[in-house]
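Novice: generate coordinates for the sequence data below:
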Amino acid sequence: MSMKENEMLELIKTRRSVRKYKNEQIKDEELNAILEAGTYAPTARGEQAPYIVAVQNEALKKRLIQMNATVMGVTSNPYYDAPTLVLVFAPAGGANSLQDGSCVLMCMMLAAHALGLGTCWINREREMFASEEGKALTREMGLPDGLMGVGALALGYPASEPSPAKARKADYYRVIR
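Specialist: Numbering: from 1, shown residues only. As a prediction, this is how the structure comes out:
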């Protein structure tokens with residue numbers, strides 16, 4: 001195995017969900033690198049159908065936090081007070097929208113980890129953006145109609161070291177020859 005392959009495998013094995021962030025905004029060059037990594041995710045037929053929206057605006061973040069918390073049925077911040085939120089959308093009803101958007105999210109998670117930043121995959125964007133409020137918000141963000149929320153990332157500098165990975169279960173995969 002080459003050094004590059006070892007580095008990639010190590011990156012995959014050491015990435016963790018981060019739920020505590022420093023109160024410090026990430027650098028623009030870090031954000032741009034992470035967003036660009038998302039644009040290189042595989043998509044069905046190479047159509048690049050997903051849309052990626054990074055949110056650092058405090059008023060918009062508050063709206064997103066409230067919408068997500070309402071869907072979740074909590075009053076806490078479902079985005080863990082991360083300084084940047086990254087939303088991923090894809091065409092509603094598309095045969096591969098969930099898969100394409102998920103690949104975008106994962107590529108950005110690995111890129112962030114490679115840069116020393118933390119992420120946590122956040123759910124409930126599907127419900128948030130299926131609502132009338134969510135549809136109006138997508139228009140406010142300059143997105144076309146007909147999109148579904150796939151998921152989001154809480155993104156920022158980790159406030160502490162994440163826990164080590166749990167042991168992998170013995171029957172996680174099989175090889176059939």
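
Novice: what is the neighbour count of P162?
Specialist: As a burial measure, P162 scores 16 neighbours (other C-beta atoms under 10 Å). Using the backbone N, CA and C atoms, a C-beta is placed for each residue, glycine as well.

Novice: next one: it from L137, what distance?
Specialist: Distance, P162 to L137, by C-beta to C-beta, to the nearest Å: 31 Å.

Novice: same question, Y40
Specialist: From Y40 to L137 the distance is 27 Å (C-beta to C-beta).

Novice: which one's more surrounded, these two?
Specialist: L137 (19 against 13).

Novice: any idea how far V88 is from the more buried one?
Specialist: 15 Å.

Novice: same check on A165?
Specialist: Relative to V88, and taking C-beta to C-beta, A165 is found at 25 Å.

Novice: quick check on the nearest residue to Y40 once chain neighbours are set aside: phi, psi?
Specialist: The shortest distance from Y40 to any non-neighbouring residue, by C-beta to C-beta, 6 or more residues apart in numbering, is to C107 (6.3 Å). When read as degrees, to the nearest 10, the backbone of C107 gives phi -60, psi -40.

Novice: separation between C107 and A165?
Specialist: 20 Å.

Novice: now C103
Specialist: 22 Å.

Novice: of the two, who's got more company?
Specialist: Counting neighbours by other C-beta under 10 Å for C103 and for A165 shows that C103 has the greater number, 20 against 10.

Novice: tell me the pLDDT of the more buried one.
Specialist: C103 is assigned a pLDDT of 98 by the prediction.

Novice: what are the ranges of the strands in this structure?
Specialist: 51-55, 84-91, 118-122, 147-156 (DSSP state E).

Novice: so which of the ones you listed is nearest R15?
Specialist: strand 118-122 (8.1 Å; C-beta to C-beta).
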